[in-house]
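Visitor: Predicted structure and sequence below. I'll ask about it afterward.
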2 protein chains.
Amino acid sequence: MLADKNEARTSLEELGEFGLIKHLTKGFSIHQESTLKGIGDDAAILDFKDSKAVVSTDLLIEGVHFDLSYMPLKHLGYKAVVVNLSDIYAMNAMATQITVSLAVSNRFPLEALEEFYSGVAAACKVYGVDLIGGDTTSSTKGMLISITAIGQAVEKDIVYRNGAKENDLLVVTGDLGGAYLGLQVLERENEVFKVNPGNQPDLEPYAYLVERQLKPEARKDVVELLEKLEVSPTAMIDISDGLSSEILHLCGQSEVGCNLYEDKIPLDPTVISTSEEFKMDSTMIALSGGEDYELLFTIDQNDFPKIKGNPSLTVIGHMCEKAEGAHLVARDSSKIPLKAQGWNSF
Amino acid sequence: MLADKNEARTSLEELGEFGLIKHLTKGFSIHQESTLKGIGDDAAILDFKDSKAVVSTDLLIEGVHFDLSYMPLKHLGYKAVVVNLSDIYAMNAMATQITVSLAVSNRFPLEALEEFYSGVAAACKVYGVDLIGGDTTSSTKGMLISITAIGQAVEKDIVYRNGAKENDLLVVTGDLGGAYLGLQVLERENEVFKVNPGNQPDLEPYAYLVERQLKPEARKDVVELLEKLEVSPTAMIDISDGLSSEILHLCGQSEVGCNLYEDKIPLDPTVISTSEEFKMDSTMIALSGGEDYELLFTIDQNDFPKIKGNPSLTVIGHMCEKAEGAHLVARDSSKIPLKAQGWNSF
């Protein structure tokens, strides 16, 4: 898993800025009908016809958002795209295009950038999005990635954060806490590797957690599922900073309160066993861990029969009056105020 | 001009990530009809109706693209936006929205970011664009800015780089070389300042050049002018890397050659006098200096009467057969092959 540092090295100066962009993007083709013109001019041209355009952007910095000592560049390229697409799906929209800008210091050879772009290409293929632009430049330190994701949706389908009503059910997709524990496992193995580079880590028992951290997926499938089930969420957000923080965003913008039931929070068995191993509370990890990129949404109670029993969707609480506030209802029925303890880059 | 380093300092940790975004963007309002939803959700929502969306993106790194020792933060915010809008105007489109992402190390207090955003706000106001999103995070070194500019245009009006035909006239807006010489002046004064901090530089004779470097403008007015004159350029690009490099882009993508006449290149008198002072060739500066953000476009010869005599537009050459290549026709009538000697960040 840890990168081999002795690979072929082609310096970026050899290609120059325009040659580099051309080289890195040459394998990308256009799939979306809405992409009239991609890379190669001053700007890309998109045609959304009667749909609305949905735009989101993110900046990822080496040493702040990712650590290349355990994050392979291909995975990083994949994850950087997925994280941005997740914001588009969180509007109940379909992602259609991305721009990818990259700054790297001269310690990165061309081959490293090719690895990164192969991950970007893989994500583009899986999610059916077109790479339509970007910028590639040098940095004075490390690697920086800026991605803008663009999507489209019919106006009536768009779901904002502010539409949750009292008595709406709170629903989450997949399971929580895996990405955070995956990071803990990788950091622990990285420390072991520093002390004893000959030691081969056995990550097999943690495969699910490591995959959640290194190769997260965005829930395009859930947006499609909701359409098929004819469920229109009243509010939606993606879980990047931890369940607690995201619930507070929905509550704040929708002006409602929330009761979240501890015993309903979906946890993978590996999350439970590894939490114990790390002597951490699995509920706290789900609440504050972040990076799960699951969707969190509210639905009218009348829609409950439509989602009941679906393995991708779990009802974890309900919205209440604003004055009641937002609480975790613990297994012992005690009520604990939710706090935004999500990840903060400052 | 050089920044006072002893101002009020509020650390970014005090506000936190969400508080910071809210604080920095609170003064921004929405002007464009196409902005349905700006900052505050997972993504922004835009409505271009029958127009096409135009998207461009740029990454600016401290120490590579700008130097804060002579670039005030407010100017930097203004310029970062303008540089991106210029790409939209170069498609003959109107800029409508931007996203601004910013990463800063902990040496930047809140007040510095406020300065930067006041420049962003000024540019938004001048160009009538809406700030619709972004990301604010910490960096491990220096300041990084990533901006995505979005615009709109009716499909028939969009001008690409690849439409220039043989015998088309080559036209440039404004004058060239000022921004590059402005940078030379600022760098010289900065060196003087390092040796003798008490010395007050007299930048008055160089005011035009310094303004071209620190506060460039994008040629929205030219896009409007061309519409008024009923001139449809056959190809267009903005001059960010120097005239020579941009002509080669037009020639390469349009598969034509070009004769550029040295004596036609528009130069401000200050550019001529300051070139002499720096013992530099003013033609070389116009060809390779870059950062002028003027527009370079080609028109059919039949459109010449429409632009003739307009003070903003100068015919500097004409396109020819591809096999002839791209040349500078010097004052002595010798022909010198054009080379892309524009600025390269690698």
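Guide: That came through, no problem.
Visitor: Would you map the strands across the stretch 51-200 of chain A?
Guide: Taking DSSP state E, counting those that start in this stretch to define them, one finds strands in the stretch 51-200 of chain A at A:52-61, A:94-104, A:130-138, A:143-153, A:169-173.
Visitor: can I get these in CSV with distance to chain B and mean pLDDT?
Guide: In short, each C-beta sits where N, CA and C put it, glycine included. CSV is the format used below for the strands of the stretch 51-200 of chain A (distance: least, C-beta to the nearest C-beta, whole Å; pLDDT from 0 to 100):
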stretch, distance to chain B, mean pLDDT
strand A:52-61, 4, 96
strand A:94-104, 4, 96
strand A:130-138, 4, 93
strand A:143-153, 4, 97
strand A:169-173, 15, 98
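Visitor: what separates residue A:84 from residue A:145, distance-wise?
Guide: Using C-beta to C-beta, to the nearest Å, we find residue A:84 at a distance of 10 Å from residue A:145.
Visitor: quick one on the thing from earlier: could you dump the strands of the stretch 51-200 of chain A to JSON lines with mean neighbour count?
Guide: Output for those, formatted as JSON lines (neighbours: other C-beta atoms under 10 Å in any protein chain shown):
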{"stretch": "strand A:52-61", "mean neighbour count": "26"}
{"stretch": "strand A:94-104", "mean neighbour count": "26"}
{"stretch": "strand A:130-138", "mean neighbour count": "24"}
{"stretch": "strand A:143-153", "mean neighbour count": "27"}
{"stretch": "strand A:169-173", "mean neighbour count": "24"}
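Visitor: okay, those in CSV with distance to residue B:330 next?
Guide: Shown next, in CSV, are these (distance: least, C-beta to C-beta, whole Å):
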stretch, distance to residue B:330
strand A:52-61, 46
strand A:94-104, 38
strand A:130-138, 33
strand A:143-153, 42
strand A:169-173, 67
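Visitor: Using the record's domain definitions, break chain A down for me.
Guide: Domain assignment of chain A by automatic domain parsing yields the ranges A:13-157, A:169-337.
Visitor: closest one to residue B:252 among those?
Guide: For residue B:252, the closest of the domains of chain A is domain A:13-157, at 9.7 Å, according to C-beta to C-beta.
Visitor: Off-centre distance for the closest one?
Guide: Centroid separation for domain A:13-157 versus its chain: 14 Å, with C-alpha atoms, centre = their mean, to the nearest Å.
Visitor: picking that back up, would JSON lines of the domains of chain A with distance to residue B:334 be doable?
Guide: Putting those into JSON lines (distance: least, C-beta to C-beta, whole Å) gives the following:
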{"stretch": "domain A:13-157", "distance to residue B:334": "28"}
{"stretch": "domain A:169-337", "distance to residue B:334": "59"}
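Visitor: give me the element the closest residue to residue A:260 other than its chain neighbours is part of.
Guide: The shortest distance from residue A:260 to any non-neighbouring residue, by C-beta to C-beta, 6 or more residues apart in numbering or on different chains, is to residue A:317 (4.0 Å). Secondary structure from DSSP states H and E places residue A:317 in strand A:313-320.
Visitor: Of the strands of the stretch 51-200 of chain A, which is nearest residue A:72?
Guide: strand A:143-153 (12.8 Å).
Visitor: Give me the helices and strands touching that closest one, please.
Guide: strand A:52-61, helix A:73-89, strand A:94-104, strand B:52-61, strand B:94-104, strand B:143-153 (3 or more C-beta pairs under 8 Å, 6 or more residues apart in numbering or on different chains; DSSP states H and E).
Visitor: List the pairing partners of that strand within its sheet, with orientation.
Guide: Take DSSP bridges as the rule and strand A:143-153 pairs in its sheet with strand A:52-61 (antiparallel), strand A:94-104 (antiparallel).
Visitor: Turn the ones you listed into CSV, columns for distance to residue A:334.
Guide: Below are these laid out as CSV (distance: least, C-beta to C-beta, whole Å):
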stretch, distance to residue A:334
strand A:52-61, 37
strand A:94-104, 41
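Visitor: these two touch, right, residue A:52 and residue A:153?
Guide: Yes. Applying C-beta atoms under 8 Å, one finds residue A:52 in contact with residue A:153, separated by 5.8 Å.
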